[in-house]
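Got a sequence here, can you build the structure:
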Amino acid sequence: MKNLIMHILTLAFLALTVNDRILDLQSERVISLKDGTRVTILNTLDSPNDYYYLPMDIQVSRKDGVPEISLMIYRNSEDEITGGILHVLMTWGLTQSQETEVQSLITQNLDSLGSLKGPGDIVFEPNELQFAGEGVYSKGLERSSSASIRVPTLSIHKTAASFNLSPLVARFIADEMKSIGESNRIRMKATYRYMVASKDDQLRSPVEVHREVDTSLGAWLRIIKEFKLVKTVRV
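Residues are numbered from 1 along each chain as shown. Okay, here's the model as predicted:
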């Protein structure tokens with residue numbers, strides 16, 4: 001009997017905790033950071049000074065300001081491309097400096113008592129990046145992935161993706177490094193869900209919302225080109 005009561009109390013506590021984190025449907029705002037990042041924030045129904053952000057698009061993570069992505073192109077003695085390796089670490093959360101900037105913007109422009117608590121309670125389903133393109137190069141890149149690309153469960157986590165490039169895909173990427181046109185259409189996406197409710201609803205009935213985040217090969221190649229993160233290896 002004692003164990004049953006403790007179980008019921010635990011479930012009640014968890015229900016209250018979840019309810020406290022239901023986001024206010026009418027509070028959604030988008031703020032722009034100095035680096036061009038657009039961040040969607042909402043506050044909660046029961047704690048209007050507590051703000052949470054939604055996932056941004058999947059982005060290349062950085063360490064000490066350097067993007068964690070690399071491209072290796074293999075060439076033979078006749079300078080023909082024979083393959084390559086593409087490796088990238090990704091995340092969907094704000095960096096520490098971005099969180100600091102969001103907090104400053106909330107305090108200055110929205111709510112002098114407002115506090116950014118972190119990301120909202122979101123769930124990715126499925127928890128893998130899905131390739132959206134149907135072309136030969138998109139399918140070729142998908143097949144070259146060494147494993148399924150998991151979406152990070154937490155905003156502070158990173159996920160790794162490695163691609164063992166075929167000669168066809170490696171030649172395509174080498175050409176795209178010059179113009180980066182077609183590669184913008186090779187996209188990977190993920191769907192997440194979260195709960196909102198309206199303060200105008202007396203019952204505050206929660207509603208599940210679904211949204212997508214994505215990334216593209218073109219975005220990766222622009223970073224590789226800007227930071228000179230490509231190497232040629234003779235084989």
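
which residues sit against stretch 140-151?
Residues outside stretch 140-151 that contact it (CB atoms under 8 Å, 6 or more residues apart in numbering): 58, 90, 92, 124, 127-129, 131, 159, 161-166, 168-169, 172, 186, 188, 190, 217. Any C-beta I mention is one placed from the backbone N, CA and C, and that applies to glycine too.

Which of the helices or strands spans Val213?
Assigned by DSSP states H and E, Val213 falls within strand 207-216.

Quick one: distance of that strand to the chain centre.
10 Å (CA atoms, centre = their mean, to the nearest Å).

And stretch 198-208, by the same measure?
Using CA atoms, centre = their mean, the offset of stretch 198-208 from its chain centre is 28 Å.

Then stretch 139-152?
The gap between where stretch 139-152 is centred and where its chain is centred comes out at 16 Å by CA atoms, centre = their mean.

Quick one: the helices in the chain, in order.
In the chain, helices defined by DSSP state H lie at 2-20, 96-105, 136-144, 167-179, 217-226, listed in chain order.

which stretch in the ones you listed has the least confidence?
Taking each of the helices of the chain in turn, the one with the lowest mean pLDDT is helix 2-20, at a mean of 42.

got any ranges where the protein has weak pLDDT?
Counting by pLDDT under 70, the chain contains low-confidence ranges at 1-20.

Could you check how far Val169 is from Lys117?
From Val169 across to Lys117, the span is 42 Å (CB to CB, to the nearest Å).

more crowded one of the two?
Looking at Val169 and Lys117 with other CB atoms under 10 Å, you find the greater number of neighbours at Val169, namely 26 against 15.

hang on, Asn127 packs against His157?
No. Between Asn127 and His157 no contact is recorded; they are 11.6 Å apart, counting by CB atoms under 8 Å.

Now for Glu226, how many residues are close by?
Residues within reach of Glu226, counting by other CB under 10 Å, total 9.

same check, this time on Glu208
The number of residues near Glu208, taken as other CB under 10 Å, comes to 9.

list the contacts for it?
Taking CB under 8 Å, 6+ apart, one finds 193-195 in contact with Glu208.

rerun at 10 Å
Contact analysis of Glu208 by CB atoms under 10 Å, 6 or more residues apart in numbering lists 123, 193-196.

ok so, going back, the contacts of stretch 140-151, buried ones only, as a PyMOL selection?
To isolate in PyMOL the members of the contacts of stretch 140-151 that are buried, counting by 16 or more other CB atoms under 10 Å, one can use:
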select buried, resi 58+90+92+124+127+129+131+159+161+163+165+166+169+172+186+188+190+217
